[in-house]
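K.L.:
Dropping the sequence and predicted coords here.
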Amino acid sequence: MNRKDFLSLSTKAALFFGFSLNLLAKEETIEKTNFLLNKKAKGTAFGLKAPKIDNVRVGIIGLGNRGQTLIQMFDWLIKNNNATIIAVADLRKEKTDKLNEYLEKKHNTSAKAYYGNQNEWKKLANRDDIDLLIIATPWEMHTEMCLYGMEKGKHVASEVPIGYTLDDCWKLVETAERTEKHCMMMENCCFNGEELWILNMINQGVFGDLTHAEGAYIHDLRKHLLDKTYYENQWRIKHHLKKDGNFYTTHGLGPISQYMDIGRGDTFDNIVSMSSREKSLSDAAKKANLPEFQNIKCGDMNTTLIKTKLGKTIMLQFDVHSGRPYDRLNTVVGTKAVHEGYPSKLYINEEKLDWSGHKWLEKEKYNEYREKYNHPLWEKLKTQISDNSVGHGGMDFVMIYRLIKCLNKGLPLDINVYDSVLWSAITPLSVLSVAQNSASVKVPDFTGGTWKNNNNTEMLREI
C-alpha cells in the first residue's frame, strides 16, 4: 500500500493497529503502520519445548460463560493427576463462588479466589505455585494478561483472539521468544472431530494438492449481543459500534491453516476484505427498544479473501447479525477430493473424466471414509469425549487434554505463538482493508521466515 493510500487511513482502522490518528500526525501513522507490517521476528519459539510438568498447576482468569465451561474440561485431567486448579479470578465474587462450588462437589477441593476489582487477576498471576494461566476474559484484555503472565514465568493459553491489534501481535511474539514460555490461543475448532477427520485425510493424501478452502463464523448472536447480562457490561456488542471487519476469524481460519500447513511450508501473503451494509442487528435493537445499539458500524456480512505465498486461496466470512443457521463452511478443495460442511459432504474425484453431473458421496460410501480416516485422537479419547460433550461436542475437552498432556511431557504445543498471532492478525488487517475500499493489505511474517522450513507434519502428534 502506497503513501497516498495510507493518508486516507480512517481512525477506525488505525485503532485496530494500536494507535489513534487523534494522537499522531498522519505521517507518523504511516511510518508506524509500515513498521508494524514489516517487522521481523526471530522465529525461535517454533518447536518450543519446556521442562516436563507432571501435574500442571493452573490459574483461570475470567469465569463468565466460557470460563465456567472450561473448568469442566479439566475433570478427567484432575482425577488422573495431570492438572490441578490452584486459583481463579473474576470481577464478581458470585462467579468465583460458583466455580468453587463445582470444584468442591466434583473433586472435594477448592481454588484460591481473587475478585472485586480490575487488577485482582495480577495477584493470581504473581503466585509462584502456578505453571499455566488460562485466560477467558473479554477480547481486549487477552494480550495484556498473556504478556503479564509470561513475564511472571507462566505459560499462557488464551481464548480467541489472542491479539486485538497488530501491535499486540508483535508484543506477544517478542515476549514469547524472549521468555521462552508457551503462548497458545485456544482455538477449539482445530480439535473438533470433523476438522480432525479432514486433516487426517489430507495427511493421508486423499485430497491430493490443496488449492482453496473456505471457513466462517456465521452465528446468529443478536439475542446474546443485546442481552444486558449475557456478556459482562455488554462488552461484545460495543465492538460492532466502532469498527467494520471480521472480528472473529479463528474458528474458520484455524482448521484451514492446519489443512494448508500454514507456518509449516506456506504462509499468508495478502488479504482483501469487504463488508455488506448493516441492517439486521440495528433492526433487532430497534425492536428491543435499545436506541444505544442502533448505530452499528459493522456490516452484516464480512467476506475476506486471503492468498498464500504458494498460491492457495482462502475465503473467510463473518456474520453474527443475520437470522440464519450456524455455519463454519469448512470447505476444502484439492486435486483429488472436495469437502463441504454443514452438513458434512465429501466428493472424491474419479480418475476418468466424465461428462455427467458430479455428486457427493452417498451416505454409505461417506461413512466408509469417515470410519477409515477418523482421527486416531478421537478414537483414543472417544469415552472421554462422550463424557464431556458439553464442551462443544467434545472439542473443548480434546483441546484442554492436548494442552495439558503436551505440558506434562515437555512437548511443543499444537498451536504455537506464531499460529496464534497470525490467525488473530487477520482481524485488524480486515478492518484496514475495509476502510481502504477493499484494498489489498500485506500480511506480516510473524515467524522470522521459519514458515519456509517445510515442517508439514501433522500438528497433533501422538502422545
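P.N.:
Yep, it's here.

K.L.:
Just say helix, strand or coil for residue 60.
P.N.:
Following DSSP: H, G, I helix; E, B strand; the rest coil, we place residue 60 in the strand state.

K.L.:
Can you read off the pLDDT for it?
P.N.:
Residue 60 is assigned 98 on the pLDDT scale.

K.L.:
For it, give the beta-bridge partners.
P.N.:
Applying DSSP bridges to residue 60 gives these bridge partners: residue 88, residue 134.

K.L.:
Does it touch residue 67 like I think?
P.N.:
Yes: applying Cβ atoms under 8 Å, one finds residue 60 in contact with residue 67, separated by 5.9 Å. In this view, the C-beta of every residue, glycine as well, is placed from N, C-alpha and C.

K.L.:
Do a quick rundown of the strands in this protein.
P.N.:
For the chain, the strands defined by DSSP state E occupy 56-61, 83-89, 112-114, 132-135, 155-158, 183-185, 210-218, 268-275, 302-308, 313-319, 331-334, 337-340, 345-348, 441-442.

K.L.:
Could you export the ones you listed as TSV, including distance to residue 120 and mean neighbour count?
P.N.:
Converted to TSV, these look like this (distance: least, Cβ to Cβ, whole Å; neighbours: other Cβ atoms under 10 Å):
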stretch	distance to residue 120	mean neighbour count
strand 56-61	9	25
strand 83-89	6	24
strand 112-114	4	20
strand 132-135	14	26
strand 155-158	17	28
strand 183-185	22	27
strand 210-218	31	22
strand 268-275	38	21
strand 302-308	36	22
strand 313-319	33	22
strand 331-334	44	21
strand 337-340	46	20
strand 345-348	49	16
strand 441-442	38	20
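
K.L.:
which residue of the protein sits farthest from its center?
P.N.:
With distances taken from the mean C-alpha point of the chain and given as Cα atoms, centre = their mean, the most distant residue is residue 355, at 41.6 Å.

K.L.:
do you know how far that residue is from residue 45?
P.N.:
Plainly put, residue 355 is 52 Å away from residue 45 if you go by Cβ to Cβ, to the nearest Å.

K.L.:
try residue 217
P.N.:
Separation of residue 217 from residue 45 (Cβ to Cβ): 27 Å.

K.L.:
cool, residue 239 as well?
P.N.:
Using Cβ to Cβ, we find residue 239 at a distance of 29 Å from residue 45.

K.L.:
neighbour count winner among these two?
P.N.:
When neighbours are counted by other Cβ atoms under 10 Å, residue 239 and residue 45 differ, and residue 45 comes out ahead with 26 against 19.

K.L.:
hang on, the earlier thing: quick one, which of the strands of the chain gets closest to residue 387.
P.N.:
Ranking those by their distance to residue 387 (criterion: Cβ to Cβ) puts strand 83-89 first, at 16.4 Å.

K.L.:
tell me the angle of the longest helix belonging to the chain relative to strand 302-308?
P.N.:
Counting by DSSP state H, the longest helix found in the chain is helix 417-435. Going by axes from the mean of the first three to the mean of the last three Cα atoms, to 10 degrees, helix 417-435 is angled at 130 degrees with respect to strand 302-308.

K.L.:
Alpha carbons of helix 417-435, in CSV - could you do that?
P.N.:
What follows is helix 417-435, C-alpha atoms only, in CSV (Å, rounded to 0.1, in the frame of the first residue of the first chain):
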residue,chain,number,x,y,z
VAL,A,417,2.5,-18.3,19.4
TYR,A,418,3.1,-17.7,15.6
ASP,A,419,-0.1,-19.6,14.7
SER,A,420,-2.0,-17.7,17.4
VAL,A,421,-1.0,-14.2,16.3
LEU,A,422,-1.3,-14.9,12.6
TRP,A,423,-4.9,-16.1,12.8
SER,A,424,-5.7,-13.1,15.1
ALA,A,425,-4.0,-10.5,12.9
ILE,A,426,-6.5,-11.1,10.1
THR,A,427,-9.0,-9.0,12.2
PRO,A,428,-7.0,-5.7,12.2
LEU,A,429,-5.9,-6.4,8.6
SER,A,430,-9.5,-6.9,7.5
VAL,A,431,-10.5,-3.6,9.2
LEU,A,432,-7.7,-1.8,7.4
SER,A,433,-8.8,-3.3,4.0
VAL,A,434,-12.5,-2.4,4.5
ALA,A,435,-11.5,1.1,5.5
